[in-house]
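J.: Quick check, what structure comes out for this input:
(one chain, ligands or ions: 1)
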Amino acid sequence: MVLPTRGAFRTRGIARTRPGSRSRLDPGNPRRNVVSPILKSLRALADPTRLRIVSLLERAELSVNELQEITRLGQSRISTHLGLLSETGLLLSRRDGKRTFYRLNRAAGTTATEFTRLAIRGAAELPEHEGDAVNLRRVLARREEQAQVYFNQVAGRFDRSYGPGRSWQAFGHLLLRMLPPLTVADLGSGEGLLAELLARRCRKVIAVDNSEKMVEFGARKARKNGLKNLEFRQGDLQSPPIEPESVDVVVLSQSLHHAGDPAQALRAAFAVLKPGGQLLLLDLVKHSFDKAHELYGDRWLGFPESDLHRWLEMAGFRSIEISVVAREEQEPHFETLLAAAERPPGPRPEAPAR
Ligand SMILES: C[S@@+](CC[C@H](N)C(=O)[O-])C[C@H]1O[C@@H](n2cnc3c(N)ncnc32)[C@H](O)[C@@H]1O
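T.: Okay, the predicted model is just below:
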């Protein structure tokens, strides 16, 4: 071990030579003062506390505070030891907000791995070893508990409370990934809120709306977003400008209640679907909020499930399922229903009764 001389100073426990001064141990040869990495590591490990730290970090990544709590040493001492070990490359650290976490550098090389093994064996011989192990278990268990405390508190109302990054938009993107590449017709598409989302996954999306402005705006937006598979067409959802039997799915999202003849709109949806295709419809449950005519241009104040069911059946759809999927918190508490129905596979059935 090189002892500090009058010309040397101590930084974080390691003897160093002041620049420009010479140690008495190496007169005239400054190269002999260059400390080899192995020697540096040996020096760094020649301390019981540092052995304890290496041994603890071998079992878990720990913050300074946690190491302090486990070893019962002051923060500045811990930091000094961590600094020394880090200088040798035996440890790595990362910042997480205000905290710094340390872990063993498992990619430090064979020599470092040998040193680490030796350090762990050395730590096991120390009287503090048992206590460190107990305290480590306690700290790790508490970490686990802290992560659970929040969720235990919000369980039961979690779906109604805010959670960072949780949104229906994000869920929508996730759910889309489950879709096969389909051809979809979005009838009464508006400016394409849903159509754009679908176009990120579908083979082709045809968005139909009778508002010239909506179509113009939607088409411009789709171009701007580079969605070449999203085509806007101006037309009526009761006779959409789409080839018969050409799409896998028809979507009617909050548009059926704008149609003069909703039953005709459902027949038209049936006609453009390939045999075996699906109709997916979101609309409002029958309500009595009259102002919807004036405020939102609605023709129908939603629909009773029974009317929808009947119209779908009369259009030729089978496997009809209708359910209420959402209720708004604010007055007038609009409720949304989702209807799913299948155009049966095989040739078109006899002309449905009107
Ligand atoms: C409430 S918005 C729904 C937009 C979109 N589907 C959504 O869920 O965000 C209704 C849209 O249907 C369109 N629309 C109304 N009557 C229509 C009709 N007969 N044929 C085609 N589109 C119609 C309107 O121009 C409007 O863009």
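
J.: tell me the domain boundaries of this structure?
T.: 35-152, 168-342 (automatic domain parsing).

J.: burial measure for Ser161, as a count.
T.: As a burial measure, Ser161 scores 10 neighbours (other Cβ atoms under 10 Å). Just so you know, the C-beta spots here come from the backbone N, C-alpha and C atoms, and that holds for glycine as well.

J.: let me fix that: Glu245
T.: 14.

J.: Now do the SS call for it.
T.: Here Glu245 is recorded as coil under DSSP: H, G, I helix; E, B strand; the rest coil.

J.: cool, the one 4 residues further on as well?
T.: Classification of Val249 into helix, strand or coil gives strand, according to three-state DSSP.

J.: Go ahead and confirm it touches Ala185.
T.: Yes. With contact defined as Cβ atoms under 8 Å, Val249 and Ala185 form a contacting pair (7.4 Å).

J.: Tell me how far Gln146 lies from the ligand.
T.: In this view, Gln146 and the ligand are 42 Å apart by Cβ to the nearest ligand atom, to the nearest Å.

J.: State the pLDDT value of that residue.
T.: As predicted, Gln146 sits at a pLDDT of 87.

J.: what are the phi and psi values for it?
T.: phi -60, psi -40 (degrees, to the nearest 10).

J.: Same question for the one 10 residues further on.
T.: The phi/psi pair for Gly156 (degrees, to the nearest 10) reads phi 100, psi -30.

J.: That one - how many residues pack around it?
T.: Gly156, neighbours per other Cβ under 10 Å, totals 9.

J.: that older thread, would you single out the least confident of the domains of the chain?
T.: domain 35-152 has the lowest average pLDDT among these, namely a mean of 93.

J.: any idea what the nearest residue to Arg177 once chain neighbours are set aside is structurally, helix, strand or coil?
T.: Distances taken as Cβ to Cβ, 6 or more residues apart in numbering place Arg201 nearest to Arg177, at 7.0 Å, with adjacent residues excluded. Put simply, Arg201 is coil when judged by three-state DSSP.

J.: pretty sure Arg201 is touching Pro181, no?
T.: Yes. Under the criterion of Cβ under 8 Å, Arg201 makes contact with Pro181 at 7.2 Å.

J.: List of residues touching stretch 66-84?
T.: Applying Cβ atoms under 8 Å, 6 or more residues apart in numbering, the contact partners of stretch 66-84 are 12-14, 44, 47, 49-50, 52-53, 56, 62, 64-65, 91, 93, 102, 128, 132, 135-136, 139.

J.: Looking at the residues you listed, which are in strands?
T.: Among the contacts of stretch 66-84, the members falling in strands (DSSP state E) are 14, 62, 91, 93, 102.

J.: Could you identify the most distant pair in those residues?
T.: By the measure Cβ to Cβ, Ile14 and Leu62 form the most distant pair in the ones in strands among the contacts of stretch 66-84, at 23.0 Å.

J.: Tell me how far the residue nearest to Ser161 when sequence neighbours are not counted lies from Glu145.
T.: What sits nearest to Ser161 in space, not counting adjacent residues and going by Cβ to Cβ, 6+ apart, is Val154, at 5.6 Å. Per Cβ to Cβ, to the nearest Å, Val154 is found 15 Å from Glu145.

J.: Neighbour count: the two, which is higher?
T.: Ranked by neighbour count (other Cβ under 10 Å), Val154 and Glu145 place Val154 first, with 14 against 10.

J.: Okay, buried residues for whichever strand or helix holds Leu85 please.
T.: Secondary structure assignment for Leu85, by DSSP states H and E: helix 75-87. Neighbour-count burial for helix 75-87 flags 78-82, 84-86 (criterion: 16 or more other Cβ atoms under 10 Å).

J.: quick one: which of these is nearest to Asn210?
T.: After measuring the buried residues of helix 75-87 against Asn210 - Cβ to Cβ - the closest member comes out as Ser86, at 67.9 Å.

J.: how far away is the closest one from Ile70?
T.: 18 Å.

J.: Apart from its chain neighbours, what residue comes closest to Asp96?
T.: Nearest to Asp96 is Ser63, by Cβ to Cβ, 6+ apart, at 7.9 Å.

J.: What residues does the one you found make contact with?
T.: Contacts of Ser63 (Cβ under 8 Å, 6+ apart): 96, 99-102.

J.: what does the chain put close to the ligand?
T.: 188-190, 193-194, 208-211, 214, 236-238, 253-255, 258-259 (Cβ under 6 Å from any ligand atom).
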